[in-house]
Each structure stands twice: as C-alpha cells, then as structure tokens.
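Visitor: Any chance you can model this:
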Amino acid sequence: MINKRILKKIVFSLMASLSLLLVTVTHAAAQQLPFYWDNINVAIDVQTNGDMLVTETQKYVFTAAYNNERYRYIPLDKVDEIKDVTVAENNQIIPSSTGIENNQLWIRWEHELKPPDTHTFVIKYRVVGGLQLDGENTQVYWKAIAAGRKAPINSGKVTVKLPDALSGKVLSFMNFGTAAVRRQVDPKTFEFVASQPIQPEQELEVQIAFPQAILNIPEAGWQQGGNQSQSASQGEDHDGSFGVLIFVVFPGIVATIFCIRSLSMLII
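Guide: Residues are numbered from 1 along each chain as shown. Below is the predicted model of the structure:
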C-alpha cells in the first residue's frame, strides 16, 4: 500500500501543477486579445434630487480583427433605474439598444472596424436612486470602472462633481480596488486617478460621504426593500469572462482538479 504521506504529496503536487497550467493558459489567452483600452474616464455629476448623470469616455485600441459589437453591463441591484442612455462617437449619437438580463442593464452598439484602429465612445446615462443612505450620511458609492473586463486599461480616471449645496460639506472621500491618487479639485469636485494600468479583474470604486440633511434625499426604493447585497461587478465589453472560458475550453482539466481535490480531502 502506498504510504499515506507520500500519496498526499503526490496529490498536492498535481494540484499545484494543474493550477499553474491554468494560470499560464489564462494569461496566454489574455495576451492574445486583439484590443485594450487606452483610457477610460468617468464623470459623475450628482444632481440635487439625488440622480447621477454619468458620462463614460472609453478609448478602445484594436490591434487585429475582432467583432464590431460592444457591450456595457451595469448591475441594477443598488439602483432604482438607469435611463436616458446614449452612445456617441466623434460627437455623433450612434444607434444603441438596451435590455435587462440577470438583474443587469446591458447597452449594445456596433461600429465599423478596420484594425489597427482606435475608437472613442462616449456612453451617457442617468442613475436614479443610486445614492445610498448610511445613518445620518448620504454616500456616492459607485463602481465607476468595474472588474468584469477581459482586457486591461492603460489609464483610468473618475471625477465626481457635487451640487453647490454640498460645497465644502464633504465628510470623506475614498476609493477602493486598484490603487489611485485621490484629490479634492475644489470644494465640490473630487478626482481619482489610477496609479497604474487597471488589469482585467481589477476595479476602481469611489465613495464620497456628506450629511444627509443637506439635500434631504429620500431613501432609494431598493434600499427601502432591504436589498443590502453586495453589488455585482459592472462589466466592460462582456464577450464572456475568462472564468467561464476556462470551464468551457478545458473541462477535462477542471474535472481532473475537482477529482484530485476530492481525493485529497479523503486522504487528509
């Protein structure tokens, strides 16, 4: 009979080797993507009624042939509604469509593509019920650049502009996810600039808090309903995530890892 300790070493060595293989394959697939973002700049203009007017300026760089259909997915679990959606290029509105799937709003548009090529799209939309009440404070809490992407972003910036009534009244401003330099531009404008390229599974989330009594915005419908679940990632150009791709393309490897993992649990 094989010594139990030796068997455990063999199992864990196989697990480590297969994990390394998956990481290598995933990284190689990422390197083969024929596009990336040169930059994504997001401007959030908070209105006195609590709505947020969001403008995303996304510059794509295509290095080889690829499909000409773009998508933007935005979770709806922490908003009441997203409306007034437009997509533009070169200051011209281009046709786009929207829909809801898995509690996410999707925005879709098409464009001509003759690589190597660059395209800068400006996506605008109104977020209704997006501000969050937290005790006596109200928060702008938004995943401005989300993690659900398959390609990196060379540079990213988020700018938040508050109403005049909040000038000089902000209690705190923070960012989460990828490292960023944050600064107060003026008494009602705040800027968050990514310190490095934003990788596919990284995000840039911003949070700005101010006293609730100033704007006296009522609690959003989703928050009244007690929906406190963590927001899903807001995706960029969802043609399928790498997590799904691994399971689809390499089912044998995944199944093998599952079996090895099960075996290791039995012999521990």
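Visitor: Where does pLDDT dip in the chain?
Guide: Applying pLDDT under 70 to the chain flags the ranges 1-31, 226-268.
Visitor: show me where it has helices.
Guide: 4-31, 212-215, 221-224, 242-249, 251-267 (DSSP state H).
Visitor: Measure how buried Val128 is and give me the count.
Guide: Residues near Val128, counting by other CB atoms under 10 Å, number 18. No exception for glycine: its C-beta is placed from N, CA and C like everyone else's.
Visitor: List the contacts of the residue nearest to it when sequence neighbours are not counted.
Guide: Leaving aside its sequence neighbours, Val128 sits nearest to Glu81 (CB to CB, 6 or more residues apart in numbering; 4.2 Å). Contacts for Glu81 were tallied using CB atoms under 8 Å, 6 or more residues apart in numbering; they are 127-129.
Visitor: quick one: which of those is nearest to Met174?
Guide: Val127 (19.4 Å; CB to CB).
Visitor: Tell me who's in contact with that closest one.
Guide: By CB under 8 Å, 6+ apart, the neighbours of Val127 are 51-54, 79, 81-82, 142.
Visitor: Over to Asn68?
Guide: 110-113.
Visitor: one more time with 10 Å
Guide: 62, 109-114, 119 (CB atoms under 10 Å, 6 or more residues apart in numbering).
Visitor: Adding distance to Gly148, write the contacts of Glu81 out as TSV.
Guide: TSV is the format used below for those (distance: CB to CB, whole Å):
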residue	distance to Gly148
Val127	18
Val128	22
Gly129	22
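Visitor: Sort out for me which of those are in strands.
Guide: 127-128 (DSSP state E).
Visitor: tally of neighbours for Trp142?
Guide: 27.
Visitor: Glu112 versus that one, what's the distance?
Guide: 32 Å (CB to CB, to the nearest Å).
Visitor: Repeat that for Ile100.
Guide: 28 Å.
Visitor: out of the two, which sits in the busier spot?
Guide: More crowded of Ile100 and Glu112, by other CB under 10 Å: Ile100, with 10 against 7.
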